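**Student:** Here's a sequence, model it:
(chains A, B, C and D)
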Protein chains: 4
Amino acid sequence: MTASPSDAFVIAGKTYRSRLLTGTGKFKDFEETRLATEAAGAEIVTVAIRRSNIGQDPSQPNLLDVLDPARYTILPNTAGCYTAEDAVRTCRLARELLDGHKLVKLEVLGDQRTLFPDVVQTLQAAETLVREGFDVMVYTSDDPILAKRLEQIGCVAVMPLAAPIGSGLGIQNRWNLLEIVENAKVPILVDAGVGTASDAAVAMELGCDGVLMNTAIAGAKNPVLMASAMRKAIEAGREAFLAGRIPRKRFASASSPIDGTLG
Amino acid sequence: MTASPSDAFVIAGKTYRSRLLTGTGKFKDFEETRLATEAAGAEIVTVAIRRSNIGQDPSQPNLLDVLDPARYTILPNTAGCYTAEDAVRTCRLARELLDGHKLVKLEVLGDQRTLFPDVVQTLQAAETLVREGFDVMVYTSDDPILAKRLEQIGCVAVMPLAAPIGSGLGIQNRWNLLEIVENAKVPILVDAGVGTASDAAVAMELGCDGVLMNTAIAGAKNPVLMASAMRKAIEAGREAFLAGRIPRKRFASASSPIDGTLG
Amino acid sequence: MTASPSDAFVIAGKTYRSRLLTGTGKFKDFEETRLATEAAGAEIVTVAIRRSNIGQDPSQPNLLDVLDPARYTILPNTAGCYTAEDAVRTCRLARELLDGHKLVKLEVLGDQRTLFPDVVQTLQAAETLVREGFDVMVYTSDDPILAKRLEQIGCVAVMPLAAPIGSGLGIQNRWNLLEIVENAKVPILVDAGVGTASDAAVAMELGCDGVLMNTAIAGAKNPVLMASAMRKAIEAGREAFLAGRIPRKRFASASSPIDGTLG
Amino acid sequence: MTASPSDAFVIAGKTYRSRLLTGTGKFKDFEETRLATEAAGAEIVTVAIRRSNIGQDPSQPNLLDVLDPARYTILPNTAGCYTAEDAVRTCRLARELLDGHKLVKLEVLGDQRTLFPDVVQTLQAAETLVREGFDVMVYTSDDPILAKRLEQIGCVAVMPLAAPIGSGLGIQNRWNLLEIVENAKVPILVDAGVGTASDAAVAMELGCDGVLMNTAIAGAKNPVLMASAMRKAIEAGREAFLAGRIPRKRFASASSPIDGTLG
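**Tutor:** The predicted model follows:
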């Protein structure tokens, strides 16, 4: 038995079975990208428009020859953009390259060292992009007030970080994620910081709708095997969330769950 | 792609594919036990000889009619025993009931409230049982010195707790488990304390060979769905362990992993 | 031996010995406020202008009769303000009531339920207040990019939360606080979320310059004793930070500290 | 205000004000030992009989010239002993050297690499020593069943580890320590694993009666300043324990503390 087929995951009106979204960068070569993407069971793959060739340079290998847009939902992202203006321009370019494709992942970074989002620029860019008709999935901090604001602007999914991009630190602030999830009317996906399978499971157990990752898979010693691990971890976490875990108690014989006084 | 078929898990000379062992108690009825066991993909199921009817009372339903010993490895356990003597006697009874079956799970408890093991009595019982030809899988604390001692006595698997039985607290002491795993020449299985899927994944990511659980599945709101979650979490954790995770760093751009000075 | 006298803590040009700032609300009565403030050894006490009488109502008891401005630096705060406009107006009122006093603690909240900051409104209010000549200490999230922005605007101290106001959850994201501290040229004070003494010590061990708290003291069963505990914890954490802790290692005999691969 | 003078800490019938016990090894020289011990405010100092000269070699400097037994309670310990027999012999030697002194700290180690206790040998040695009239403070694992057993044997204090000796990992298993503390009728002191001030505070907040440490102080960059930090952290943790902390809640406005279902 698995999570019921009616456990739909819908982004911008399209239904997906896989809740694991993967990045396409940092792999050894296109072949590894392809194999890991398949092992992950991903249906949405994100592409850094500024770093990947999806047609900008016709003389070079095209990522879309490996990841067929007929099979995968291509999610262009604005990695490498540090201002709202740059990010908006990049999304427009992606729309041209992908024949009017509206779904984008917005990220406006605050600095090169940490890759934390610049949330002020992010808000500005999100407003512009929504106004221009994009379906915006947006990378942000784990600030619940900002997450709600981005939803209210009209983003189709909000994607808080769990920890800095590429850090592998895992979920740093479970309470913030939980707060974001419980208040959301759009899908919430963890977008950065996952290091290993259990991190992904924790995100799903908190009620997140999905997880996007790149480094945790591409940087593993065996990326394809890690992709498989992540696929199972996401499903495990989702099912555990739906199945309703036992409460934490000091002992089986304790009459009530642990409370906030001790430990 | 999944963990290679050569990733063998061997207990007492027999090879298993599933690294998730399940208990048979605490379910609503035998039908739920059967369904959850199947969803878990378990191949070894543990039975509390003092609490379950596997033939002691021919007038009552027999658990083995639901969990066919031809399909499942039945692992009789000594739950409810508080002395070495009791535990040894219970194992002998199990051997009779199961026609000479040698594989047992030894647990000698320290008190009824916490269900912590009494490690002194456990050592005594283990010595006796090994001498009498049993294949002993042994529940113990997460003390690395004792875990090694139990291996040296001749136990076929050592099963430290992650937290108290039925607590759902998750892995309390990762360093102790890691130490036990790295020093072991027999399989190490986490035997108590798992609450949800990510806990099981963490145990496997530490290098444990398997996990045994009962309450986390039987006590969930939807035990069968949680069994499926646990199956996937165990596989995810194993694959992540084999795949070699990225190191934790403060940022992607950090030149080295986090060390012990900060945080 | 204690931290050297040269370990100065300077806010807006004034040097303080105590790194524990306390709130004045939530106590049983003014007498308890007075006793707890003394036990805390606080030199800066924050006052919610919208909730405390510091002269607005001459017919009621005045908090400043208990906390003498000649002895304590009074830090008016904008608790209860949900827009930049409201917060700015409240600061202006405080300046009038306190005869031109320039030091204020800015907080603009995002909602009543969580009391998370609204960082966009906070940035706006901070800009206005700095322009109007206030010395602004500012409550914010633990977002490192925003913390730096607030410093660049000209705030005299940045005060990230450790967890939601009044939650007592303790430090949720050590890495974010560490990042903020390491990049700051103004004092960084943890402003919310401390629950008990060790939480305060952790904040200081991360290198924070101070901690502001109210609920953790006023809500304890014995507020005056908890105030004393917090005073010592802040000093302990500061001294431990300066003293240079041993690295975390798996064992004394390990040749190097723990790294990011395990645990 | 501080913890009341009636908050007595009694070991083997003698009352102490300080709950911080310190080791005497690993310092640069006797002068640093003396200064750090003073800064720690320790009243009980432990001495490794096999490694320190307290009179065995009259031609060498004597530690007791620096730490006057008239001022400090000298606590001889059996560090370096790996069998019950060795430990008992070492305690007898200490009694001779110290003119009939009965108070000893028993430790029987399981291996040289981890310095985990060998709890079976420890139980044996404890029985012998109690029978011979020693007042035994005993280093052990954090196993609650064993801790109770050692109390029942007649040990005057039980000293579970928080983490391996010299690791600086901090409190690994809060629930085990809490269980030990709540069931004890003798003082419970954390005896190993503390790395920095907040770790010591946490131990005390759990209700421990004291903490013994050596490496965390002697191994710090500034041992004397760290000793002062630890003194304050122990007092802070004790006072916080007595003062009764606020419960952890998701927000100030939450109607009940966090429970075991989430996070």
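**Student:** Isn't A:Thr15 up against A:Ser6?
**Tutor:** No: if you go by Cβ atoms under 8 Å, A:Thr15 and A:Ser6 don't touch, sitting 10.5 Å apart. The way it works is simple: take the backbone N, C-alpha and C, and place the C-beta from them, glycine included.
**Student:** the more surrounded of those two?
**Tutor:** Taking other Cβ atoms under 10 Å in any protein chain shown, A:Thr15 and A:Ser6 do not tie; A:Thr15 has more neighbours (9 against 5).
**Student:** so where's the stretch 151-263 of chain A uncertain?
**Tutor:** A:259-263 (pLDDT under 70).
**Student:** could you pull out the helices for it?
**Tutor:** In the stretch 151-263 of chain A, the helices defined using DSSP state H, counting those that start in this stretch lie at A:174-183, A:197-205, A:215-218, A:223-243.
**Student:** With mean neighbour count and distance to chain D as added columns, please give those in a markdown table.
**Tutor:** Listed next are these as a markdown table, based on neighbours: other Cβ atoms under 10 Å in any protein chain shown; distance: least, Cβ to the nearest Cβ, whole Å:
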| stretch | mean neighbour count | distance to chain D |
| --- | --- | --- |
| helix A:174-183 | 21 | 5 |
| helix A:197-205 | 32 | 9 |
| helix A:215-218 | 26 | 22 |
| helix A:223-243 | 28 | 11 |
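**Student:** would CSV of the ones you listed with distance to chain C be doable?
**Tutor:** Output for these, formatted as CSV (distance: least, Cβ to the nearest Cβ, whole Å):
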stretch, distance to chain C
helix A:174-183, 6
helix A:197-205, 12
helix A:215-218, 13
helix A:223-243, 14
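**Student:** okay if I get those helices as CSV plus distance to C:Ala70?
**Tutor:** Converted to CSV, those look like this (distance: least, Cβ to Cβ, whole Å):
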stretch, distance to C:Ala70
helix A:174-183, 41
helix A:197-205, 52
helix A:215-218, 57
helix A:223-243, 57
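**Student:** which parts of stretch A:124-144 are buried?
**Tutor:** For stretch A:124-144, the neighbour count (16 or more other Cβ atoms under 10 Å in any protein chain shown) marks A:124-130, A:134-144 as buried.
**Student:** actually stretch A:58-67, sorry about that
**Tutor:** Using 16+ other Cβ under 10 Å as the test for burial, stretch A:58-67 gives A:63-64, A:66-67.
**Student:** In terms of distance to B:Ala40, which of those ranks first?
**Tutor:** For those, the closest approach to B:Ala40 (Cβ to Cβ) belongs to A:Leu67, at 34.6 Å.
**Student:** Which residue is the nearest non-sequential neighbour of the closest one?
**Tutor:** Excluding the flanking residues, the one nearest A:Leu67 by Cβ to Cβ, 6 or more residues apart in numbering or on different chains is A:Val45, at 5.5 Å.
**Student:** just to revisit the earlier point, near chain C too, which of the buried residues of stretch A:124-144?
**Tutor:** With Cβ under 8 Å from any Cβ of the partner chain as the criterion, these include A:141, A:143-144 near chain C.
**Student:** backbone phi and psi for the closest residue to chain D within the stretch 101-250 of chain A, please?
**Tutor:** The stretch 101-250 of chain A approaches chain D most closely through A:Arg248 (3.1 Å), counting by Cβ to the nearest Cβ. Note on A:Arg248: backbone dihedrals following degrees, to the nearest 10 are phi -70, psi 130.
**Student:** before we move on, the earlier item: so can I have a markdown table of the buried residues of stretch A:58-67 showing pLDDT?
**Tutor:** What follows is the buried residues of stretch A:58-67, written out as a markdown table (pLDDT from 0 to 100):
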| residue | pLDDT |
| --- | --- |
| A:Leu63 | 92 |
| A:Leu64 | 92 |
| A:Val66 | 91 |
| A:Leu67 | 93 |
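**Student:** just to revisit the earlier point, so of the ones next to chain C among the buried residues of stretch A:124-144, which ones are in helices?
**Tutor:** A:Pro144 (DSSP state H).
**Student:** out of the ones next to chain C among the buried residues of stretch A:124-144, which one sits closest to chain B?
**Tutor:** Using Cβ to the nearest Cβ, A:Ser141 is the member of those that lies nearest chain B, at 14.5 Å.
**Student:** what about the closest residue to that closest one other than its chain neighbours, distance to C:Val104?
**Tutor:** Among residues not flanking A:Ser141 along the chain, C:Asp143 sits closest, at 5.0 Å (Cβ to Cβ, 6+ apart). The gap separating C:Asp143 from C:Val104 is 21 Å, by Cβ to Cβ, to the nearest Å.
**Student:** Show me the beta-bridge partners of the most centrally placed residue in chain A.
**Tutor:** Centroid check for chain A by Cα atoms, centre = their mean gives A:Leu212 as the closest residue, at 2.8 Å. Beta-bridge partners for A:Leu212, by DSSP bridges, are A:Leu21.
**Student:** Is it correct that it is in contact with A:Met159?
**Tutor:** Yes: A:Leu212 is within contact range of A:Met159, at 6.5 Å (criterion: Cβ under 8 Å).
**Student:** if you go through the stretch 51-200 of chain A in chain order, where are the strands?
**Tutor:** Along the stretch 51-200 of chain A, the stretches classed as strands by DSSP state E, counting those that start in this stretch are A:73-77, A:103-106, A:135-140, A:157-160, A:189-190.
**Student:** which residues does the residue nearest to A:Leu67 contact?
**Tutor:** Applying Cβ atoms under 8 Å, 6 or more residues apart in numbering or on different chains to A:Val45 gives the contacts A:21-24, A:37, A:67, A:72-75.
**Student:** Repeat that for A:Glu182.
**Tutor:** Contacts of A:Glu182 by Cβ under 8 Å, 6+ apart are A:Gly207.
**Student:** now do the one 5 residues further on
**Tutor:** With Cβ under 8 Å, 6+ apart as the criterion, the residues that contact A:Pro187 are A:9-11, A:156-158, A:209-210.
**Student:** Can you turn the buried part of those residues into a ChimeraX selection?
**Tutor:** For the buried members of these, the matching ChimeraX selection, counting by 16+ other Cβ under 10 Å, is:
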select /A:9,11,156,157,158,209,210
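**Student:** Using JSON lines, lay out the contacts of A:Pro187 together with distance to chain D.
**Tutor:** Shown next, in JSON lines, are the contacts of A:Pro187 (distance: Cβ to the nearest Cβ, whole Å):
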{"residue": "A:Phe9", "distance to chain D": "21"}
{"residue": "A:Val10", "distance to chain D": "25"}
{"residue": "A:Ile11", "distance to chain D": "25"}
{"residue": "A:Val156", "distance to chain D": "26"}
{"residue": "A:Ala157", "distance to chain D": "22"}
{"residue": "A:Val158", "distance to chain D": "20"}
{"residue": "A:Asp209", "distance to chain D": "17"}
{"residue": "A:Gly210", "distance to chain D": "19"}
